[in-house]
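J.: predicted structure and sequence below. I'll ask about it afterward.
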Amino acid sequence: METSIIISGFGGQGVLFAGQLLAYAGMSAGKNVTWIPSYGPEMRGGTAHCVVTISDEPIGAPIVSHPDIAIVLNQPSFDKYERLVKTGGLLVVNSSLIDSESTRVDIDAVHVPANAIAEEWGTGKMMNMATLGAMLATRPVLPLDIVEAALVEHLPAGKQHLAEANLQVIRHGYMVIAPVTG
């Protein structure tokens, strides 16, 4: 099984780190992975996106024009990628910054108040983790515990004090979408 994921937003929203995290977690899970970052001339505030492919088999081409999953963190990303998601795919929308609703009936769309969830735990800068949690709850491409372990292991040294908060944000993003079982 091969899954392609595009994560897109403004620079500074953690787009590239979210993609790296999925790539590291995929490697930890024994999968084949690719991670291709792209950002505009302004690292902070400019546009950024990355493409992550996670596969059980060797990956033939890491370039993706129609992803299985798109995580969109701002309105320009929604406008660009909503139409490109494959039929049967998933669109994860940061509803804290995006008011638009998908008009497509051939994909699943989940809306998660990512900034609001992250701010509950200290800073809106962790909103990328809320969207990853929502994605994993909807499409369990990787087990949540493996992604959490990769987060703790690969969080930059200067951000290690935020490890527990990031874990709480990814879990809350997951729980917003995951069905409650009793």
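T.: Cool, got the structure. Numbering: from 1, shown residues only.
J.: which SSE is Leu22 in?
T.: Remark: Leu22 resides in helix 15-28, with elements defined by DSSP states H and E.
J.: tell me how many other residues surround Lys125.
T.: For Lys125, the count of nearby residues is 17 (other CB atoms under 10 Å). Any C-beta I mention is one placed from the backbone N, CA and C, and that applies to glycine too.
J.: please verify my assumption that it contacts Gly14.
T.: Yes: counting by CB atoms under 8 Å, Gly14 is a contact partner of Lys125 at 6.6 Å.
J.: list the buried residues in the helix holding Leu22.
T.: Across helix 15-28, burial judged by 16 or more other CB atoms under 10 Å covers 15-26, 28.
J.: what packs against whichever helix or strand comes after that helix?
T.: Where DSSP H and E defines the elements, the next helix or strand beyond helix 15-28 is strand 32-39. Packing partners of strand 32-39 (3 or more CB pairs under 8 Å, 6 or more residues apart in numbering; DSSP states H and E): helix 15-28, strand 47-55.
J.: which parts of this protein are helices?
T.: 15-28, 75-81, 114-120, 127-138, 144-154, 163-177 (DSSP state H).
J.: any chance of a markdown table for these, columns mean pLDDT and distance to Pro62?
T.: Written out in a markdown table, the entries for these read as follows (pLDDT from 0 to 100; distance: least, CB to CB, whole Å):
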| stretch | mean pLDDT | distance to Pro62 |
| --- | --- | --- |
| helix 15-28 | 95 | 11 |
| helix 75-81 | 94 | 17 |
| helix 114-120 | 93 | 26 |
| helix 127-138 | 95 | 19 |
| helix 144-154 | 94 | 19 |
| helix 163-177 | 90 | 25 |
